[in-house]
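Task: produce atomic coordinates for the following.
(2 chains)
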Amino acid sequence: VIPRSLYVATALLLAAAIAMAGYLVHLRRQSEAEQQHLAVLGPLAPPASGESSNTVLVVANDSRGTLDRREVTLTLPSQPAERLREQLRALFAIYMQESAAHHIGAGSDVKNLYLVGDDTAVIDLTATFADAHPSGIMAETLTIDSILRTVAANNAAIKRIKILVDGRERETLAGHANLKDFFETIAPQTTAAQ
Amino acid sequence: VIVVDAAHGGADNGAQFTDTLAEKDVTLALARRIRSELVARGFVPLMMRDADTALTFDQRAAAANSASATLYLAIHASTLGNGVRIYSAAMPAQAPGAARTVLVGWGRAQATFSANSHRLAAAVGSDMTSKNLPTTATDAAVLPLNAIGALAIALEFAPPPGNTDVPAVALNLPSYQQTVASALADSIAAERSILTAPVRPGRSGAAQ
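Below you'll find the predicted structure:
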């Protein structure tokens, strides 16, 4: 004969296991929702730790076809590659605002940034950056030029830049601009009319 | 011989202007008009594609090279800005004589021709502007411009002034396309001497 108390204990344990499984599913869904929300928001703000530094962002304007210097103060890490990555993320954050004069797709980000040797940077962009980028010579050229000039404005030692997408070489950004070759950085002081 | 390349095609729509209008359709329509206008001025145009055909960048470059073309025109379309933009290849500076004395990488094949390409783009741009068709000549690193042994110009045309409220429709207006095609062919004919000028080392494409 099985004691009644054992039935009760088993039932309680079973109920607890079901409740915990339900809670686990809830936590997982919550985590996925947060990840999706972050992806939509795009780059996170630069980290709070580190020193405040003046940064030059070279910002594209579609209607005027220009690249304009904008000076901002960011809190940046000290490591050069991380520092440059955050500066580019700040540039992308501008382009992801609804009121921006030049747009890139929501969720665009710099996945990784590597400094190779004394003068080369490899910028690894997320797949979303390329897949959601507006297609057109002017739109794509403005984006790339603004990246090249922003890098040059903040790290004069970098002369060559390679752009990857999701860790791989890609033919074009969105059907037009050539990503197969290395870029040379462009003097930031020039405001270019496309 | 002038190669006229209607950009995109097949599964590659290029920019999608509306649900029913893609860049590949606009570029093909304009390329056909340019072909007719070039024929009328005594040129021999070769269409890279004359249907909704998919071509890779390497196929386009190889076809242009094997045609022994003097000029390669890549036709694009965009709803940004106003008027016409003529792009020539942005190429790193090349030391004088370098192309004749050392092997040139495939990615820099166009550098040998870029000086004439820039001259032609500027001259055609200026000529078209004088005909009340606002045209800007500038540089861009666009495929397959950097991989062909010919002058390379990419034409991107945006809505005409006054039609910015219906840009996609304006791009596909036969009358506007005809105006662009006629003016472009006129300007190329007027600057014909550049097409036959001696090839000089390329200039820097970095400073715009």
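
Would you map the helices across chain A?
In chain A, the helices defined using DSSP state H lie at A:4-41, A:80-95, A:127-131, A:137-154.

Tell me where the model's unsure across chain B.
Flagging of chain B using pLDDT under 70 yields the residue ranges B:90-112, B:144-152, B:154, B:158-167, B:197-208.

Ignore what I typed, I meant chain A.
Chain A contains residues with pLDDT under 70 at A:35-49, A:187-194.

and it, which residues reach chain B?
Residues of chain A found near chain B (Cβ under 8 Å from any Cβ of the partner chain) are A:62-63, A:65, A:134-139, A:141, A:144-145, A:171-172, A:175-178, A:180-181, A:183-187, A:190, A:192-194. Every residue, glycine included, has its C-beta placed from N, CA and C.

Are any of these buried, and if so which?
Taking 16 or more other Cβ atoms under 10 Å in any protein chain shown as the criterion, what is buried in these is A:62, A:65, A:134-139, A:141, A:144-145, A:172, A:175-178, A:180-181, A:183-186, A:192, A:194.

which residues does the nearest residue to residue A:140 once chain neighbours are set aside form a beta bridge with?
Excluding its sequence neighbours, the residue lying closest to residue A:140 (Cβ to Cβ, 6 or more residues apart in numbering or on different chains) is residue A:177, at 3.7 Å. In this entry, residue A:177 is beta-bridged to residue B:142, by DSSP bridges.

Surely residue A:177 touches residue A:141?
Yes. Residue A:177 is in contact with residue A:141 according to Cβ atoms under 8 Å; the separation is 5.7 Å.

Now do the shared contacts for those two.
By Cβ atoms under 8 Å, 6 or more residues apart in numbering or on different chains, residue A:177 and residue A:141 have these common neighbours: B:140, B:141, B:142.

Give the full set of residues in contact with the last one.
Spelled out, it's residue B:142. Residue B:142 neighbours (Cβ under 8 Å, 6+ apart): A:137, A:141, A:176, A:177, A:178, B:74, B:87, B:89, B:154.

Tell me which of the helices of chain A sits most buried.
The highest mean neighbour count among the helices of chain A, using mean count of other Cβ atoms under 10 Å in any protein chain shown, belongs to helix A:137-154: a mean of 25.

angle of that helix against helix A:80-95?
Interaxial angle of helix A:137-154 relative to helix A:80-95 (axes from the mean of the first three to the mean of the last three Cα atoms, to 10 degrees): 140 degrees.

residue contacts, residue B:26?
The neighbours of residue B:26, taking Cβ under 8 Å, 6+ apart as the test, are B:17, B:77, B:171, B:172, B:177.

could you dump these to CSV with secondary structure, distance to residue B:133 and neighbour count?
Compiled in CSV, these are given as follows (DSSP: H, G, I helix; E, B strand; the rest coil; distance: Cβ to Cβ, whole Å; neighbours: other Cβ atoms under 10 Å in any protein chain shown):
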residue, secondary structure, distance to residue B:133, neighbour count
B:17, coil, 21, 21
B:77, strand, 15, 30
B:171, helix, 14, 27
B:172, coil, 17, 16
B:177, helix, 12, 21
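
May I see these arranged in TSV, with distance to residue A:73 as well?
TSV is the format used below for those (distance: Cβ to Cβ, whole Å):
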residue	distance to residue A:73
B:17	40
B:77	41
B:171	42
B:172	47
B:177	49
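
Run through those and flag the ones next to chain A.
Okay, of the contacts of residue B:26, nothing touches chain A (Cβ under 8 Å from any Cβ).

biggest separation within those residues, which pair?
By the measure Cβ to Cβ, B:17 and B:177 form the most distant pair in those, at 14.0 Å.

can you map out the strands along chain B?
Applying DSSP state E to chain B gives strands spanning B:2-6, B:45-47, B:71-77, B:84-89, B:135-140, B:151-157.

Thank you, goodbye.
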